[in-house]
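Undergrad: With the input below, show me the fold.
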Amino acid sequence: MAEPDETTRVEHHADRHRFEILVGDEVAGYAEYRPGAGSRDFDHTVTLPQFRGRGLAAVLVRDALDDTRAAGLSVVPSCSYVRHFVDTNPEYRDLVAGA
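TA: Modelled structure (predicted):
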């Protein structure tokens, strides 16, 4: 799995309800969510084709879930990738709403 380095960063754009992962200054992918009462429903995650296969989606979702935890919110993993990430990373299961 890729780890963030000096050219990879994740930004939260709360006004657009999404997290973006950038490689250099280029958006490589994003995770969108619908805000709810005490939760974020992650419903769509995309890695742009030219950036696939580098583990960037995992870095993006990990940062998004860490931010969600820090904000005191739970997660609704409607997106299949976010659901898979939570299922394979048990340290995030407690974030799932109703878990």
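Undergrad: When you work out contacts or count neighbours from here on, use the C-alpha atoms and nothing else.
TA: Noted.
Undergrad: all helices for this structure, in order.
TA: Ranges of helices in the chain, per DSSP state H, are 56-70, 80-88.
Undergrad: pLDDT score for the most centrally placed residue in the chain?
TA: Compute the mean C-alpha point of the chain, and by C-alpha atoms, centre = their mean the closest residue is residue 61, 2.5 Å away. As predicted, residue 61 sits at a pLDDT of 99.
Undergrad: sorry, back to before: which of the helices of the chain sits most buried?
TA: Mean neighbour count (mean count of other C-alpha atoms under 10 Å) peaks for helix 56-70 among these, with a mean of 19.
Undergrad: angle of that one against helix 80-88?
TA: Angle between the axes of helix 56-70 and helix 80-88 is 70 degrees (criterion: axes from the mean of the first three to the mean of the last three C-alpha atoms, to 10 degrees).
Undergrad: and helix 56-70, C-alpha only, in CSV?
TA: This file holds the C-alpha atoms of helix 56-70, laid out as CSV (Å, rounded to 0.1, in the frame of the first residue of the first chain):
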residue,chain,number,x,y,z
LEU,A,56,-3.9,6.0,-3.2
ALA,A,57,-7.5,5.1,-2.5
ALA,A,58,-6.4,3.4,0.7
VAL,A,59,-4.4,6.5,1.8
LEU,A,60,-7.4,8.7,0.9
VAL,A,61,-10.0,6.6,2.8
ARG,A,62,-7.6,6.2,5.8
ASP,A,63,-7.2,9.9,6.1
ALA,A,64,-10.9,10.6,5.6
LEU,A,65,-11.8,8.1,8.4
ASP,A,66,-9.1,9.5,10.7
ASP,A,67,-10.6,13.0,10.2
THR,A,68,-14.1,11.6,10.8
ARG,A,69,-12.9,10.0,14.1
ALA,A,70,-11.2,13.2,15.1
